[in-house]
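J.: With the sequence up front, the predicted model follows.
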Amino acid sequence: MTATAQRVADWVARTLSYECRDPALFVAALTHRSFGGRHNERLEFLGDAVLSLAVARWLYESYPDADEGTLSRYRAHLVNGETLADLAEGLGVGDRLLLGGGELKSGGFRRRSILADALEALIGALYLDGGPEPARRLIVDLLATRHAGLPALESVKDAKSLLQEWLQGRSLPLPAYTVEEVGGEPPDQVFRVRASIASLDVEREATGTSRRRAEQAAAEAVLAAVHGLR
């Protein structure tokens, strides 16, 4: 085992309470593409999916009376780029990152998008190394406080409101909603709506049994996209 792998394995054991089988996975999870060699983008892709599934199941089991839209809004409250960056900072991930010279000089170890990506990559590494249960336990441990602080069901804002607040907080224009198609006859119509944010080059389509429901579904899809952009 290389000295770097040993240091990372010791850090994972101490910080994540997990004994690595393959420390090289965790070294890769902490390696930014600017460093060269095996980096963390593929593990980040996997970790994002593992995180989403674990949180979706957790919310599904925690809120048996919540509908799909509410569960989606809870997930948006619970998991986003800012939350992941905060968690990564708390774990000291920035101090363990392997960055290229340019990123080091520009403070990449403090860049929130890099921190959030690295945390997702660590989740992906943990999933590959130990399976779904250790990954789920880590996710639950990291998000326990935020999960306990989720607002009451009746106070959860709808996706369009959340998206509007996210955009206004960044001084960006509001999204445009366009009805692309209306199929069927009342009362069995299906609406297809496109929500787009030109300034971010993001657009998503969704369907619903009313224009309002289709717009809400499209807004939820855009919310997921912009959180991914971080």
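T.: Great, that's in hand.
J.: make it CA atoms for all contacts and neighbour counts henceforth
T.: OK.
J.: those strands in this structure, which residues are they?
T.: 176-183, 190-197, 202-208 (DSSP state E).
J.: Looking at those strands, which one is packed in the most?
T.: Of all the strands of the chain, strand 190-197 has the most neighbours on average by mean count of other Cα atoms under 10 Å, namely a mean of 22.
J.: So for that strand, mean pLDDT?
T.: Across strand 190-197, pLDDT averages out at 93.
J.: now the helices for this protein?
T.: Here the chain has its helices, by DSSP state H, at 3-15, 23-29, 41-62, 68-78, 81-91, 101-105, 112-130, 132-148, 159-168, 211-229.
J.: Which of the strands of the chain sits closest to residue 141?
T.: With Cα to Cα, the closest approach to residue 141 among those belongs to strand 202-208: 32.5 Å.
J.: And the most centrally placed residue in the chain, how close does it get to residue 205?
T.: Centroid check for the chain by Cα atoms, centre = their mean gives residue 80 as the closest residue, at 4.6 Å. The gap separating residue 80 from residue 205 is 21 Å, by Cα to Cα, to the nearest Å.
J.: do residue 18 as well
T.: Residue 18 is 41 Å from residue 205, by Cα to Cα.
J.: Now do the contacts for the closest residue to residue 103 other than its chain neighbours.
T.: Spatial nearest neighbour of residue 103, excluding adjacent residues (Cα to Cα, 6 or more residues apart in numbering): residue 34 at 7.0 Å. Listed by Cα atoms under 8 Å, 6 or more residues apart in numbering, the contact partners of residue 34 are 99-103.
J.: what's the answer for residue 19, then?
T.: 9, 12-13.
J.: hang on, the earlier thing: which one of the helices of the chain lies closest to residue 183?
T.: Nearest to residue 183 among these is helix 211-229 (11.5 Å), distances taken as Cα to Cα.
J.: Any buried residues in that closest one, and which?
T.: By neighbour count on 16 or more other Cα atoms under 10 Å, the buried set for helix 211-229 is 211, 213-224, 226.
J.: Can I get it as CSV, trimmed to CA atoms?
T.: Extracted as CSV, the C-alpha positions of helix 211-229 are listed here (Å, rounded to 0.1, in the frame of the first residue of the first chain):
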residue,chain,number,x,y,z
ARG,A,211,-51.3,22.3,-16.7
ARG,A,212,-50.5,23.1,-13.1
ARG,A,213,-49.4,19.6,-12.3
ALA,A,214,-47.3,19.5,-15.4
GLU,A,215,-45.7,22.8,-14.5
GLN,A,216,-44.9,21.6,-11.0
ALA,A,217,-43.4,18.4,-12.4
ALA,A,218,-41.3,20.3,-14.9
ALA,A,219,-40.1,22.7,-12.1
GLU,A,220,-39.1,19.7,-10.0
ALA,A,221,-37.0,18.4,-12.9
VAL,A,222,-35.4,21.8,-13.3
LEU,A,223,-34.7,22.0,-9.6
ALA,A,224,-32.9,18.7,-9.8
ALA,A,225,-30.9,20.0,-12.7
VAL,A,226,-29.8,23.3,-11.2
HIS,A,227,-28.8,21.6,-8.0
GLY,A,228,-26.6,19.3,-10.1
LEU,A,229,-25.1,22.4,-11.7
